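Peer 1: With the input below, show me the fold.
(chains A and B)
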Amino acid sequence: MIRRLGTGVVFGSLLVWLPFAVSSVWQNLLITTFYFGFLGQAWNVLGGYAGQLSLGHAAFFAIGAYTSVVLHTHLGLSPWLGMFVGALLAALLSQGIGYLGFRFGLRGFYFILLTLAAAEICRLIALHLPILGGYTGLFINFTPNPWQFQFKGKIPYYFVSLAFLVLASTVVWLIQRSKFGVYLVAIREDEDAAEALGVDTFRYKMLAYAVSAALTALGGTFYAYYQFYLQPNTVASMNLSVDIMIRSIVGGSGTILGPILGSFLLELLGEFSRSYFAAGAAGLYLAIYGLLLIVVVLFLPRGVYPTLLGWLRRATGRHA
Amino acid sequence: MSLLTALGVSKSFGGLKAVREVGFSLAEGELLALIGPNGAGKTTLFNVISGFFRPDAGRISFAGESLAGLRPHDICRRGMVRTFQVTRPFHRLTVLENVLVGALERVAHRRQAVRIAEEVLELTGLTDKAGNMGHSLTLPDRKRLELARALATGPRVLLLDEVMAGLNPTETGRLIDLIRTIHGRGVTIFLIEHVMKAVMALSQRILVLNYGELIAQGMPEEIVRDPRVIEAYLGAGYAELET
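Peer 2: Below is the predicted model of the structure:
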């Protein structure tokens, strides 16, 4: 217990010290790691624990981003409050998609296609809504004011994104320890068996979807006030949905540390393949990035974290 | 008093009539067996009773209330739970957690649920395997786990779908004893079984299904002598062999 506490203090201090010790490139890398870790964690609730793979989480992300920006620019509402409005709207949308998918028993690929289609519809709507700026997108005027979620320099963003990640991980940790968490895993492992044992599978899948969507929307708000520019083809794109999903899967979905580790590894991988291979041939780094992804999925199908854990247990001679 | 009653229950898949106007009743405390050749509609009937399939016609009532439109988890919470013929453990949960899923709906606190799960593991002889993952179990243990999870829900009626299939005679004998113990604790049991040794040892009454129709019901001794049952299922020679 004391040893654990000690490790926590050391690790915590390291995280506090880190942004002051590195260049702004690395600061950006760490912020992106945290915020994709956060998104991966949000996805994890539905995809990792409940086993309902979504390829449409960009829709919730976009709702979170646009809602807080529109409320801020038109009504002067602080994004710190606006982001919860976005989370609520995203949760509502998830209930619509979830009702269609779960009530009619769509599983596996069919559910994936439904989420993808729903996200594409959202992207097209965003492209044609004047209030969201359409193709031109929305620019946010930079006015440094922490209450308006706008900070000078990268360091405040570092701590905000870290806090987001800690928040999402705590939510997942609490879920995992609760009856809700046990039910979600049972649903993922065998939905019919769970239903036969008295688990209201529909209700719990809907709940997981709502939590996952709401968290993802919060991440959208962070993105909006980090980048100061929103465009439907980036914030509501399938690319983003894949980016969110892949972190959880590579790291190990259905575990707390999986999405965090996955996000960290992929950011590093992306950064190194960019800096080493970008000069050689345009696009080569993407091919290498893709290749490494294939390697991970082929050889570590359950993700990096569970595999590492397995090796560690074998090495120390303890049984799983 | 009848705990479970079915009246004129039918279920078709396309042109195939899997269950045709089946009616029966199950009394509180009874141990009833359902037998019949492969494809006779036994599992389909269980799927209808437990809420996985909606019947095309007919009525089913449990403890005096209609089950129409209820989903499996509703039916489970009312006190009737089923196991699956092909075992379906939650692979990436431990044996204890598997059983916990069944126990959690009954009690508010996890600690109480764990206590129920541990009791059930003790009863079903799985205590040693409590920490093993669901996917690591052998077939006999998987069969026990199916039973344990169902028991953890605290059922009044247990629907057992071929729990003996694939077990050797020793294991079958042990499972027969276990089912007797569970029955002795006041749980009403309705089981589908192919292993005649188990059927004859356990059941107080037998239903025989053939091509979706109920062709006979009665005491075990009557059933093995019934010419229609012999023709459809047991095969000529069984009656002489047993008597």
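Peer 1: What score does residue B:234 have for pLDDT?
Peer 2: Here the pLDDT value assigned to residue B:234 is 68.
Peer 1: Show me what from chain A comes close to chain B.
Peer 2: A:178-179, A:182-183, A:185-186, A:189-190, A:192-202, A:254, A:320 (CB under 8 Å from any CB of the partner chain). Placement of C-beta: from N, CA and C, glycine included.
Peer 1: quick one, helices of the chain?
Peer 2: I'll assume chain A. A:2-21, A:24-44, A:57-75, A:79-103, A:109-127, A:155-177, A:179-189, A:191-196, A:201-227, A:232-235, A:238-251, A:257-277, A:284-299, A:304-316 (DSSP state H).
Peer 1: my bad, chain B
Peer 2: With DSSP H as the criterion, chain B has helices spanning B:42-49, B:72-78, B:95-103, B:110-124, B:139-152, B:169-184, B:196-202, B:220-225, B:227-229, B:238-242.
Peer 1: Let me have these in TSV, adding distance to residue A:243, mean neighbour count and mean pLDDT as columns.
Peer 2: Shown next, in TSV, are these (distance: least, CB to CB, whole Å; neighbours: other CB atoms under 10 Å in any protein chain shown; pLDDT from 0 to 100):
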stretch	distance to residue A:243	mean neighbour count	mean pLDDT
helix B:42-49	41	24	94
helix B:72-78	36	21	95
helix B:95-103	32	27	95
helix B:110-124	36	18	93
helix B:139-152	38	24	94
helix B:169-184	51	16	93
helix B:196-202	55	18	88
helix B:220-225	64	17	86
helix B:227-229	63	15	84
helix B:238-242	65	12	54
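Peer 1: And those helices: which comes nearest residue A:297?
Peer 2: helix B:95-103 (27.1 Å; CB to CB).
Peer 1: can I get the CA coordinates of the closest one in PDB?
Peer 2: Taking C-alpha atoms only, helix B:95-103 is exported to PDB below (Å, rounded to 0.1, in the frame of the first residue of the first chain):
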ATOM      1  CA  VAL B  95     -15.400 -18.600 -12.700                       C
ATOM      2  CA  LEU B  96     -16.400 -16.600  -9.700                       C
ATOM      3  CA  GLU B  97     -17.300 -13.600 -11.800                       C
ATOM      4  CA  ASN B  98     -19.300 -15.800 -14.200                       C
ATOM      5  CA  VAL B  99     -21.400 -16.800 -11.300                       C
ATOM      6  CA  LEU B 100     -21.500 -13.300  -9.900                       C
ATOM      7  CA  VAL B 101     -23.300 -12.100 -13.100                       C
ATOM      8  CA  GLY B 102     -26.200 -14.400 -12.100                       C
ATOM      9  CA  ALA B 103     -26.100 -13.300  -8.400                       C
END
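Peer 1: Give me the residue at the spatial middle of chain B.
Peer 2: residue B:160 (1.5 Å; CA atoms, centre = their mean).
Peer 1: ok, how many other residues are close to residue 13?
Peer 2: As the question left the chain open, I've gone with chain A. Residue A:13 sits with 10 neighbouring residues when counted by other CB atoms under 10 Å in any protein chain shown.
Peer 1: nope, chain B please
Peer 2: Number of residues near residue B:13 (other CB under 10 Å) recorded here: 11.
Peer 1: Tell me how far it lies from chain A.
Peer 2: 16 Å (CB to the nearest CB, to the nearest Å).
Peer 1: which residues does that residue bridge with?
Peer 2: As for beta bridges, residue B:13 partners with residue B:16 under DSSP bridges.
Peer 1: My guess is residue B:123 contacts residue B:181. True?
Peer 2: Yes. If you go by CB atoms under 8 Å, residue B:123 and residue B:181 touch, sitting 7.2 Å apart.
Peer 1: Residue numbers of chain B in contact with chain A?
Peer 2: Within chain B, the positions near chain A by CB under 8 Å from any CB are B:50, B:52, B:71-73, B:76-77, B:81-84, B:88-93, B:97, B:100-102, B:104-105, B:110, B:113, B:133-134, B:149-150, B:152-153.
Peer 1: In contact with the spatially most central residue of chain A, which residues are there?
Peer 2: Closest to where the C-alpha atoms of chain A average out (CA atoms, centre = their mean) is residue A:39, at 1.2 Å. Applying CB atoms under 8 Å, 6 or more residues apart in numbering or on different chains to residue A:39 gives the contacts A:57, A:61, A:216, A:219, A:243-244, A:247.
Peer 1: Looking at these, which two lie furthest apart in space?
Peer 2: A:61 and A:247 (13.3 Å).
Peer 1: who's more crowded, the two?
Peer 2: A direct count of neighbours by other CB under 10 Å for residue A:61 and residue A:247 places residue A:61 higher, at 33 against 29.
Peer 1: so the worst-scoring helix or strand of chain A on mean pLDDT versus helix A:238-251, what angle?
Peer 2: Least confident helix or strand of chain A, by mean pLDDT, DSSP states H and E, is helix A:284-299 with a mean of 78. Orientation of helix A:284-299 against helix A:238-251 (axes from the mean of the first three to the mean of the last three CA atoms, to 10 degrees) gives an angle of 40 degrees.
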